[in-house]
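Novice: Sequence unavailable; structure follows:
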(Lines give C-alpha, C1' and ligand atoms only; values in the text may rest on other atoms or scores of the structure.)
Protein backbone atom coordinates (compact mmCIF):
# COMPACT_ATOMS: atom_id res chain seq x y z
CA UNK A 1 0.00 0.00 0.00
CA UNK A 2 1.25 3.49 -0.72
CA UNK A 3 3.09 5.10 2.16
CA UNK A 4 0.77 8.09 2.02
CA UNK A 5 -2.07 5.95 3.36
CA UNK A 6 -1.01 6.04 7.00
CA UNK A 7 -3.80 4.25 8.83
CA UNK A 8 -2.71 4.51 12.44
CA UNK A 9 -5.54 6.73 13.70
CA UNK A 10 -5.69 8.58 16.98
CA UNK A 11 -8.94 8.37 18.84
CA UNK A 12 -9.49 11.88 20.03
CA UNK A 13 -11.14 13.05 23.21
CA UNK A 14 -14.46 14.66 23.89
CA UNK A 15 -15.29 17.15 21.15
CA UNK A 16 -15.17 20.11 23.51
CA UNK A 17 -11.58 19.19 24.40
CA UNK A 18 -10.37 19.21 20.82
CA UNK A 19 -7.19 21.05 19.93
CA UNK A 20 -4.19 21.10 22.22
CA UNK A 21 -4.24 18.35 24.82
CA UNK A 22 -6.16 15.96 22.62
CA UNK A 23 -6.13 12.47 24.14
CA UNK A 24 -4.84 9.60 22.04
CA UNK A 25 -7.52 7.23 23.28
CA UNK A 26 -11.04 7.91 24.41
CA UNK A 27 -13.91 5.41 24.56
CA UNK A 28 -17.41 6.74 24.93
CA UNK A 29 -19.58 4.14 23.23
CA UNK A 30 -22.16 2.18 25.19
CA UNK A 31 -21.87 -0.70 22.72
CA UNK A 32 -18.39 -1.62 23.90
CA UNK A 33 -18.22 -4.44 26.41
CA UNK A 34 -16.76 -3.90 29.86
CA UNK A 35 -13.38 -5.38 28.94
CA UNK A 36 -11.76 -2.23 27.62
CA UNK A 37 -8.15 -1.30 28.28
CA UNK A 38 -6.80 2.14 27.39
CA UNK A 39 -3.07 2.84 27.42
CA UNK A 40 -2.49 6.39 26.25
CA UNK A 41 1.26 6.30 26.66
CA UNK A 42 1.71 3.33 24.35
CA UNK A 43 -1.26 4.18 22.12
CA UNK A 44 -2.61 0.69 22.81
CA UNK A 45 -6.29 -0.03 22.24
CA UNK A 46 -7.84 -3.29 23.36
CA UNK A 47 -11.59 -3.68 23.15
CA UNK A 48 -14.05 -6.55 22.97
CA UNK A 49 -17.33 -6.23 21.14
CA UNK A 50 -20.47 -8.09 21.97
CA UNK A 51 -20.88 -10.49 19.01
CA UNK A 52 -24.22 -8.93 18.04
CA UNK A 53 -22.74 -5.43 17.66
CA UNK A 54 -22.10 -3.98 14.23
CA UNK A 55 -20.26 -0.67 14.69
CA UNK A 56 -20.83 2.18 12.27
CA UNK A 57 -18.18 4.28 10.54
CA UNK A 58 -19.19 7.72 9.26
CA UNK A 59 -16.74 9.18 6.74
CA UNK A 60 -16.60 12.94 7.34
CA UNK A 61 -12.96 13.87 6.71
CA UNK A 62 -13.08 15.35 3.22
CA UNK A 63 -12.62 18.96 2.11
CA UNK A 64 -16.13 19.37 0.65
CA UNK A 65 -14.48 21.27 -2.18
CA UNK A 66 -17.47 21.10 -4.54
CA UNK A 67 -19.81 22.32 -1.81
CA UNK A 68 -17.50 25.16 -0.81
CA UNK A 69 -18.09 24.63 2.91
CA UNK A 70 -18.08 21.78 5.39
CA UNK A 71 -20.79 19.28 4.57
CA UNK A 72 -20.67 17.85 8.08
CA UNK A 73 -21.89 21.17 9.47
CA UNK A 74 -24.55 22.00 6.89
CA UNK A 75 -27.92 22.54 8.55
CA UNK A 76 -30.97 20.28 8.21
CA UNK A 77 -33.69 21.67 10.44
CA UNK A 78 -32.33 21.60 13.98
CA UNK A 79 -29.55 19.21 12.98
CA UNK A 80 -26.41 19.24 10.91
CA UNK A 81 -25.69 16.60 8.30
CA UNK A 82 -23.51 14.82 10.83
CA UNK A 83 -25.82 14.96 13.82
CA UNK A 84 -28.78 13.88 11.67
CA UNK A 85 -26.84 10.81 10.55
CA UNK A 86 -25.85 9.93 14.11
CA UNK A 87 -29.46 10.33 15.29
CA UNK A 88 -30.67 8.13 12.44
CA UNK A 89 -28.14 5.44 13.30
CA UNK A 90 -29.23 5.58 16.92
CA UNK A 91 -32.89 5.30 15.92
CA UNK A 92 -31.94 2.17 13.94
CA UNK A 93 -30.32 0.61 17.01
CA UNK A 94 -26.68 1.33 16.18
CA UNK A 95 -25.01 2.14 19.48
CA UNK A 96 -21.34 2.42 18.50
CA UNK A 97 -20.59 5.17 15.98
CA UNK A 98 -17.07 6.11 14.89
CA UNK A 99 -16.75 9.36 12.95
CA UNK A 100 -13.63 9.89 10.85
CA UNK A 101 -12.66 13.56 10.66
CA UNK A 102 -9.84 15.44 8.96
CA UNK A 103 -10.40 18.74 7.15
CA UNK A 104 -11.34 21.51 9.61
CA UNK A 105 -11.59 18.91 12.34
CA UNK A 106 -12.01 21.46 15.11
CA UNK A 107 -15.08 23.00 13.47
CA UNK A 108 -16.69 19.58 13.06
CA UNK A 109 -16.01 18.59 16.66
CA UNK A 110 -17.17 21.92 18.05
CA UNK A 111 -20.47 21.76 16.17
CA UNK A 112 -21.07 18.14 17.15
CA UNK A 113 -20.40 18.89 20.83
CA UNK A 114 -23.41 21.19 20.92
CA UNK A 115 -25.72 18.29 20.02
CA UNK A 116 -25.19 16.26 23.19
CA UNK A 117 -24.97 13.10 21.09
CA UNK A 118 -22.48 10.33 21.79
CA UNK A 119 -19.90 9.13 19.27
CA UNK A 120 -16.22 8.34 18.95
CA UNK A 121 -14.02 10.45 16.70
CA UNK A 122 -10.83 9.48 14.94
CA UNK A 123 -8.57 11.81 13.02
CA UNK A 124 -7.37 10.84 9.56
CA UNK A 125 -4.37 13.11 9.01
CA UNK A 126 -4.06 11.74 5.46
CA UNK A 127 -7.62 12.59 4.39
CA UNK A 128 -6.36 14.26 1.22
CA UNK A 129 -5.15 10.82 0.05
CA UNK A 130 -8.75 9.90 -0.66
CA UNK A 131 -11.79 8.29 0.90
CA UNK A 132 -10.10 4.91 1.27
CA UNK A 133 -7.67 6.37 3.80
CA UNK A 134 -10.62 7.47 5.96
CA UNK A 135 -12.28 4.08 5.69
CA UNK A 136 -9.08 2.38 6.80
CA UNK A 137 -8.75 4.79 9.72
CA UNK A 138 -12.24 3.81 10.84
CA UNK A 139 -11.57 0.10 10.39
CA UNK A 140 -8.49 0.34 12.58
CA UNK A 141 -10.73 1.53 15.40
CA UNK A 142 -13.56 -0.98 15.05
CA UNK A 143 -11.55 -4.07 14.09
CA UNK A 144 -11.61 -5.67 17.52
CA UNK A 145 -12.34 -9.17 18.84
CA UNK A 146 -15.99 -10.02 18.38
CA UNK A 147 -16.80 -7.60 15.58
CA UNK A 148 -18.53 -9.32 12.65
CA UNK A 149 -18.81 -6.45 10.23
CA UNK A 150 -18.84 -2.68 9.92
CA UNK A 151 -21.64 -0.46 8.71
CA UNK A 152 -20.22 2.35 6.57
CA UNK A 153 -21.88 5.56 5.49
CA UNK A 154 -20.97 8.99 4.15
CA UNK A 155 -21.58 12.41 5.69
CA UNK A 156 -23.14 13.54 2.40
CA UNK A 157 -26.01 11.04 2.69
CA UNK A 158 -27.89 12.60 5.63
CA UNK A 159 -31.46 11.82 4.55
CA UNK A 160 -31.34 8.03 4.69
CA UNK A 161 -34.07 6.68 6.95
CA UNK A 162 -33.65 4.60 10.08
CA UNK A 163 -35.88 2.00 8.43
CA UNK A 164 -33.34 1.58 5.62
CA UNK A 165 -30.46 1.30 8.07
CA UNK A 166 -32.36 -1.36 9.99
CA UNK A 167 -33.23 -3.23 6.78
CA UNK A 168 -29.55 -3.38 5.80
CA UNK A 169 -28.56 -4.66 9.25
CA UNK A 170 -31.35 -7.24 9.25
CA UNK A 171 -30.35 -8.53 5.82
CA UNK A 172 -26.75 -8.96 6.95
CA UNK A 173 -27.83 -10.83 10.08
CA UNK A 174 -30.03 -13.11 7.96
CA UNK A 175 -27.55 -13.86 5.17
CA UNK A 176 -24.04 -12.92 6.37
CA UNK A 177 -23.44 -11.64 2.83
CA UNK A 178 -20.01 -10.04 2.43
CA UNK A 179 -21.53 -6.80 1.14
CA UNK A 180 -25.01 -5.58 2.04
CA UNK A 181 -26.35 -2.31 0.64
CA UNK A 182 -29.64 -0.65 -0.29
CA UNK A 183 -30.66 -0.78 -3.94
CA UNK A 184 -33.31 0.90 -6.03
CA UNK A 185 -33.81 0.53 -9.77
CA UNK A 186 -30.25 -0.69 -10.18
CA UNK A 187 -28.70 2.06 -8.05
CA UNK A 188 -26.65 1.30 -4.95
CA UNK A 189 -26.69 3.50 -1.89
CA UNK A 190 -25.69 3.84 1.76
CA UNK A 191 -25.23 2.67 4.38
CA UNK A 192 -23.29 -0.39 3.36
CA UNK A 193 -22.28 -3.31 5.55
CA UNK A 194 -18.87 -4.87 4.95
CA UNK A 195 -18.19 -8.26 6.49
CA UNK A 196 -15.00 -8.57 8.52
CA UNK A 197 -13.59 -11.02 5.95
CA UNK A 198 -13.17 -8.02 3.62
CA UNK A 199 -11.24 -5.81 6.05
CA UNK A 200 -7.88 -7.15 4.83
CA UNK A 201 -8.75 -6.89 1.11
CA UNK A 202 -9.71 -3.27 1.77
CA UNK A 203 -6.39 -2.63 3.47
CA UNK A 204 -4.64 -3.92 0.37
CA UNK A 205 -6.87 -2.10 -2.11
CA UNK A 206 -5.34 0.23 -4.68
CA UNK A 207 -5.72 3.77 -3.28
CA UNK A 208 -6.53 5.12 -6.73
CA UNK A 209 -9.50 2.73 -6.99
CA UNK A 210 -10.62 3.02 -3.39
CA UNK A 211 -13.04 0.39 -2.10
CA UNK A 212 -14.97 0.06 -5.38
CA UNK A 213 -13.22 -3.00 -6.78
CA UNK A 214 -13.43 -4.89 -3.48
CA UNK A 215 -17.13 -4.09 -3.16
CA UNK A 216 -17.91 -5.09 -6.75
CA UNK A 217 -15.95 -8.33 -6.47
CA UNK A 218 -17.86 -9.48 -3.39
CA UNK A 219 -21.36 -8.11 -3.98
CA UNK A 220 -24.05 -10.77 -4.36
CA UNK A 221 -27.83 -10.78 -4.79
CA UNK A 222 -28.19 -11.84 -1.15
CA UNK A 223 -26.77 -8.49 -0.13
CA UNK A 224 -29.09 -6.35 -2.25
CA UNK A 225 -31.81 -4.71 -0.16
CA UNK A 226 -34.49 -3.08 -2.30
CA UNK A 227 -35.75 0.06 -0.55
CA UNK A 228 -38.12 2.90 -1.39
CA UNK A 229 -35.95 5.56 0.22
CA UNK A 230 -34.47 8.22 -2.01
CA UNK A 231 -32.41 9.44 0.95
CA UNK A 232 -30.23 6.34 0.70
CA UNK A 233 -29.02 7.38 -2.74
CA UNK A 234 -28.78 11.16 -2.49
CA UNK A 235 -25.10 12.08 -2.35
CA UNK A 236 -25.13 15.84 -1.77
CA UNK A 237 -21.98 17.39 -3.21
CA UNK A 238 -22.91 20.85 -4.50
CA UNK A 239 -24.88 23.89 -3.27
CA UNK A 240 -27.55 23.16 -5.87
CA UNK A 241 -27.98 19.58 -4.66
CA UNK A 242 -28.11 20.85 -1.07
CA UNK A 243 -30.84 23.37 -1.94
CA UNK A 244 -32.91 20.71 -3.73
CA UNK A 245 -32.52 18.25 -0.86
CA UNK A 246 -33.54 20.87 1.69
CA UNK A 247 -36.62 21.71 -0.35
CA UNK A 248 -37.69 18.06 -0.36
CA UNK A 249 -36.94 17.72 3.36
CA UNK A 250 -38.92 20.84 4.26
CA UNK A 251 -41.88 19.71 2.13
CA UNK A 252 -41.86 16.31 3.83
CA UNK A 253 -41.67 17.97 7.25
CA UNK A 254 -44.71 20.15 6.46
CA UNK A 255 -46.67 17.08 5.37
CA UNK A 256 -45.70 15.24 8.54
CA UNK A 257 -46.81 18.17 10.69
CA UNK A 258 -50.14 18.33 8.85
CA UNK A 259 -50.73 14.60 9.25
CA UNK A 260 -49.89 14.94 12.95
CA UNK A 261 -52.52 17.64 13.30
CA UNK A 262 -49.98 20.28 14.31
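Specialist: Perfect, thanks for sending it. For clarity, every value in this text was computed on a predicted model and none was experimentally measured.
Novice: all helices in the stretch 1-150 of the chain, in order from the N-terminus.
Specialist: 81-91, 105-113, 131-142 (DSSP state H, counting those that start in this stretch).
Novice: List just the one of these that sits closest to residue 69.
Specialist: Of all the helices of the stretch 1-150 of the chain, helix 105-113 sits nearest to residue 69, with 9.8 Å by C-beta to C-beta. Quick note: C-beta positions are derived from backbone N, CA and C, even for glycine.
Novice: Which of the helices and strands in this structure ranks last by mean pLDDT?
Specialist: Counting by mean pLDDT, DSSP states H and E, the chain has its least confident helix or strand at strand 32-39, which shows a mean of 27.
Novice: quick one: low-confidence parts of the stretch 1-150 of the chain?
Specialist: 1-52, 68 (pLDDT under 70).
Novice: just to revisit the earlier point, most packed of the helices of the stretch 1-150 of the chain?
Specialist: helix 131-142 (a mean of 24; mean count of other C-beta atoms under 10 Å).
Novice: for that one, packing partners?
Specialist: With contacts taken as 3 or more C-beta pairs under 8 Å, 6 or more residues apart in numbering; DSSP states H and E, helix 131-142 sits against strand 56-60, strand 97-101, strand 120-123, strand 149-154, helix 199-203.
Novice: do that again at 6 Å, thanks
Specialist: strand 97-101 (3 or more C-beta pairs under 6 Å, 6 or more residues apart in numbering; DSSP states H and E).
Novice: what pairs with the strand it packs on, and is each one parallel or antiparallel?
Specialist: Strand 97-101 pairs in its sheet with strand 56-60 (parallel), strand 120-123 (parallel), by DSSP bridges.
Novice: now these in CSV, with distance to residue 102?
Specialist: Compiled in CSV, the strands paired with strand 97-101 are given as follows (distance: least, C-beta to C-beta, whole Å):
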stretch, distance to residue 102
strand 56-60, 8
strand 120-123, 7
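Novice: Deepest-packed of the ones you listed, please.
Specialist: Here the criterion is mean neighbour count by mean count of other C-beta under 10 Å, and of those the winner is strand 56-60, at a mean of 27.
Novice: now it against strand 149-154, angle please.
Specialist: Counting by axes from the mean of the first three to the mean of the last three C-alpha atoms, to 10 degrees, strand 56-60 lies at 30 degrees to strand 149-154.
Novice: what does strand 56-60 rub up against?
Specialist: Residues from elsewhere that reach strand 56-60, judged by C-beta atoms under 6 Å, 6 or more residues apart in numbering: 72, 82, 85, 89, 94, 97-101, 134, 138, 150-155.
Novice: Who is the residue nearest in space to the middle of the chain paired with across the strands?
Specialist: What sits nearest the mean C-alpha location of the chain, by C-alpha atoms, centre = their mean, is residue 58, with 1.5 Å. Listed by DSSP bridges, the beta-bridge partners for residue 58 are residue 99, residue 153.
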